[in-house]
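> Curious how this folds, go ahead:
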Amino acid sequence: MTDETQTTQSSKERNTPNSQAEVLKYARLMIAGMTAHTEELAKRGIDATFVSGIQTEVTAVETLDAEQETLRAAAKTKTAELGAKFLELQKTLAEAKKLVKMTIPPEGWSEFGIPDKR
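Modelled structure (predicted):
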């Protein structure tokens, strides 16, 4: 296989995980495999400290992911709250506009931001 062909391969063909969940699953499998084969891998410099470092990174990613999900849920709640409050404001302004138009002559409506002429 040439270098050009290798660069055009998809990540599935290279067996490389794409999504965050896939990467985490791959990392856990890698940790389990490295833990099971510590003696053989020690020859290549992979020791308990290296494996522990990967586990620390996995834990950090999982923690940040959980925090992000909490923030997404909070943002979704705030978005709904904002939408409801905005609707309430629109209804109140529509009522105010109606009352102003019933009370103030059309010449004075522009003072209230009402562009209507009648």
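
> low-scoring stretches of the chain, by residue?
Residues of the chain meeting the criterion pLDDT under 70: 1-14, 118.

> the helices in it, which residues?
3-8, 20-36, 38-42, 48-103 (DSSP state H).

> Can I get those in TSV including distance to G113 and mean neighbour count?
C-betas here are computed from N, CA, C, even on glycine. Converted to TSV, the helices of the chain look like this (distance: least, Cβ to Cβ, whole Å; neighbours: other Cβ atoms under 10 Å):
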stretch	distance to G113	mean neighbour count
helix 3-8	59	8
helix 20-36	48	13
helix 38-42	72	12
helix 48-103	9	11
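
> Of all the ones you listed, which one is nearest F112?
Nearest to F112 among the helices of the chain is helix 48-103 (5.1 Å), distances taken as Cβ to Cβ.

> Also compute the angle for the closest one relative to helix 20-36, please.
What separates the directions of helix 48-103 and helix 20-36 is an angle of 160 degrees, with axes from the mean of the first three to the mean of the last three Cα atoms, to 10 degrees.

> Which other helices and strands does helix 48-103 contact?
Using 3 or more Cβ pairs under 8 Å, 6 or more residues apart in numbering; DSSP states H and E, the elements in contact with helix 48-103 are helix 20-36.

> how far does stretch 15-26 stretch from start to finish?
Stretch 15-26 has an end-to-end distance of 10 Å (criterion: Cα to Cα, to the nearest Å).
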